[in-house]
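Novice: One predicted model, sequence on top.
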Amino acid sequence: MSTARTPHREAPIATARPQQTSDTPTATVGTSSPAGEQAAVDAAAARLRLTVGEEILDGGSPARVHHARTEDGTDVVLKVLAAHPGAVDGHDLSSFHGKLEQIDHLREHAPQLAARYLPVLSSAVGEGWAATTTAHLPSEDLGAALRRDDGDENLFFARNDLVLRALLTDGYARATSPVPPEHLADVHIGRFLRRLPVLERHFPQLAGGRQLVIDGRRLEAPAPLLRRLLETQADRLSALAPARLGAPAHGDSNVRNLLFATDGRADTDVHLIDPRGSTAPWDPVYDLAKILFSLTVWDPMLRLGIRVDHDPAAGGHRAEFRAPVYPGYRSAAHQYLDRLDGVDTDAWFDKDPHWKQRLLFTHALHVLAEAPCRLSDRKPKYDATGRRVTIEELALGHYLMGTVLLNDLAAQWAEGAAELDTHRHLSVVTGGPPVSPGRDR
């Protein structure tokens with residue numbers, strides 16, 4: 001993967017647009033077209049008696065999110081999801097309803113963690129849509145400290161420690177469960193394979209092939225590679241499986257779902273939003289890998305955009321961010337696994353010696369599994385200069401970068417590495433950490 005290495009100064013990104021007027025075309029409520037989604041927003045607002053304001057585009061789900069105001073003048077955030085016949089798991093109405101069930105479950109089994117979720121104030125369900133309102137919190141996400149200038153890594157890791165203590169100590173550790181057979185294959189690997197048909201419908205030659213050429217290297221396609229690993233590396237994958245599962249603390253802890261209030265001290269406690277939507281026992285490594293994934297690929301791609309080219313005569317496929325990635329993101333990503341030691345992780349992982357390898361494996365799978373997700377999020381996306389980024393570009397960018405990551409893991413295992421070379425591995429998508437702390441040359 002081609003990655004830029006010069007410092008980046010964050011440019012404003014498009015985070016809101018004016019409320020649509022009565023000129024909006026008529027459409028069936030609950031359909032996935034832009035007009036249908038707007039009709040669902042209008043229906044939800046009428047049902048909940050809200051005045052709808054600007055749309056918040058700084059999100060990664062297909063739901064439409066707006067600032068809104070109740071009849072008594074309370075500022076809230078309205079989130080509306082319209083049904084989409086091709087939506088992947090996690091982007092469907094069942095998962096939307098499951099988020100409320102998960103928070104209710106945590107209130108009973110992990111009340112200290114549940115108290116950190118922003119309160120859901122109201123909800124409504126219509127034909128082909130569902131909606132919730134939550135309290136409005138002036139805040140910034142976990143990654144914000146790394147996007148300022150060269151990145152405030154001290155603040156980021158201090159906040160990350162708060163996240164880990166909340167998720168691990170107040171969440172996962174409150175209820176432990178044995179690990180079902182084939183957990184890694186069913187949950188971590190199976191998620192991508194279940195979503196693969198979405199990619200094959202949109203990119204039949206690329207996603208349906210056995211090999212692809214990226215930056216001049218012939219690589220094994222993810223699906224046949226994963227199936228080969230399941231057949232030939234069964235012992236290794238069995239050793240990577242978690243020693244135990246915990247309470248479903250979150251399940252989708254990308255940095256945008258981990259918020260810190262901006263109207264008080266900078267080290268204020270974390271506030272959580274948008275859990276996965278499942279009450280099943282869960283592996284905390286899944287959440288830790290989501291944070292790493294946010295730093296390496298997901299958040300930079302959504303904020304900065306991605307450029308995808310294909311020229312068989314010039315090395316095949318090529319994906320590169322449209323602007324240099326924040327130095328703070330790259331530096332923090334390469335420190336991340338080492339900085340996890342001792343932050344409430346020792347007690348949980350004391351009988352799980354390969355949890356960091358599982359984290360890197362899960363990180364690669366997160367990148368791949370996000371590719372079909374990008375195809376169901378139809379909200380407009382823009383790069384740092386305001387140019388449109390298509391859902392196809394975002395899907396292909398995740399697929400290509402995930403392919404490179406997965407092939408590097410398989411190569412390191414084939415070389416007989418007892419421990420993975422983390423820096424070599426992450427460098428295939430980050431280009432490596434900044435040359436000097438916080439700064440490129």
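Specialist: Noted; the coordinates are in hand.
Novice: which of the residues in stretch 253-267 are buried?
Specialist: Of all the residues in stretch 253-267, those buried under the rule 16 or more other Cβ atoms under 10 Å are S253, N254, V255, R256, N257, L258, L259, F260. Glycine gets a C-beta too; all of them are placed from N, C-alpha and C.
Novice: where does the protein have low pLDDT?
Specialist: 1-33, 265-267, 436-441 (pLDDT under 70).
Novice: Check whether L394 really touches R307, as I assumed.
Specialist: No - proximity of L394 to R307 does not meet the contact threshold set by Cβ atoms under 8 Å, at 11.2 Å.
Novice: So which of these two has more stuff around it?
Specialist: A count of neighbours by other Cβ atoms under 10 Å puts L394 above the other of L394 and R307, at 24 against 15.
Novice: residues contacting that one?
Specialist: Going by Cβ atoms under 8 Å, 6 or more residues apart in numbering, L394 touches M301, L302, I306, R374, K381.
Novice: what about the nearest residue to R174 once chain neighbours are set aside, distance to A175?
Specialist: Closest residue to R174 apart from its sequence neighbours, by Cβ to Cβ, 6 or more residues apart in numbering: A110 at 4.1 Å. Here A110 is placed at a distance of 7 Å from A175 (Cβ to Cβ, to the nearest Å).
Novice: Same check on A261?
Specialist: On the measure of Cβ to Cβ, A261 and A175 end up 28 Å apart.
Novice: repeat for P119
Specialist: Taking Cβ to Cβ, one finds P119 at 23 Å from A175.
Novice: and the closest residue to L168 other than its chain neighbours, what does it touch?
Specialist: Distances taken as Cβ to Cβ, 6+ apart place D344 nearest to L168, at 4.6 Å, with adjacent residues excluded. Residues in contact with D344 (Cβ under 8 Å, 6+ apart) are L164, R165, L168, T169.
Novice: how far away is the third one from F156?
Specialist: Taken as Cβ to Cβ, the spacing of L168 relative to F156 amounts to 18 Å.
Novice: can you check the last one too?
Specialist: In this view, T169 and F156 are 20 Å apart by Cβ to Cβ.
Novice: A35: which of the buried residues of stretch 253-267 is nearest?
Specialist: R256 (26.4 Å; Cβ to Cβ).
Novice: surely the closest one meets D141?
Specialist: Yes - between R256 and D141 there is a contact at 4.8 Å, judged by Cβ under 8 Å.
Novice: Next, count neighbours for the residue nearest to R174.
Specialist: A110, neighbours per other Cβ under 10 Å, totals 24.
Novice: got a list of what it touches?
Specialist: A110 neighbours (Cβ under 8 Å, 6+ apart): D170, G171, R174, A175, A247, A249.
Novice: I'd like those residues as JSON lines, with distance to L400 and neighbour count appended.
Specialist: Formatted as JSON lines, the contacts of A110 follow (distance: Cβ to Cβ, whole Å; neighbours: other Cβ atoms under 10 Å):
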{"residue": "D170", "distance to L400": "38", "neighbour count": "20"}
{"residue": "G171", "distance to L400": "34", "neighbour count": "26"}
{"residue": "R174", "distance to L400": "39", "neighbour count": "17"}
{"residue": "A175", "distance to L400": "39", "neighbour count": "17"}
{"residue": "A247", "distance to L400": "35", "neighbour count": "24"}
{"residue": "A249", "distance to L400": "31", "neighbour count": "29"}
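Novice: hmm, which two among the residues you listed are most spread apart?
Specialist: Of all pairs in these, the most separated under Cβ to Cβ is D170 and A175 at 11.6 Å.
Novice: Which element, helix or strand, includes L302?
Specialist: Taking DSSP states H and E as the criterion, L302 maps to helix 299-304.
Novice: who does that helix touch, helix- and strand-wise?
Specialist: Packing partners of helix 299-304 (3 or more Cβ pairs under 8 Å, 6 or more residues apart in numbering; DSSP states H and E): strand 316-321, helix 391-414.
Novice: These: which one's closest to A243?
Specialist: Nearest to A243, of all the helices and strands packed on helix 299-304, is helix 391-414, at 20.5 Å by Cβ to Cβ.
Novice: Please point out which parts of the closest one sit buried.
Specialist: For helix 391-414, burial by neighbour count (16+ other Cβ under 10 Å) applies to 391, 393-410, 412-413.
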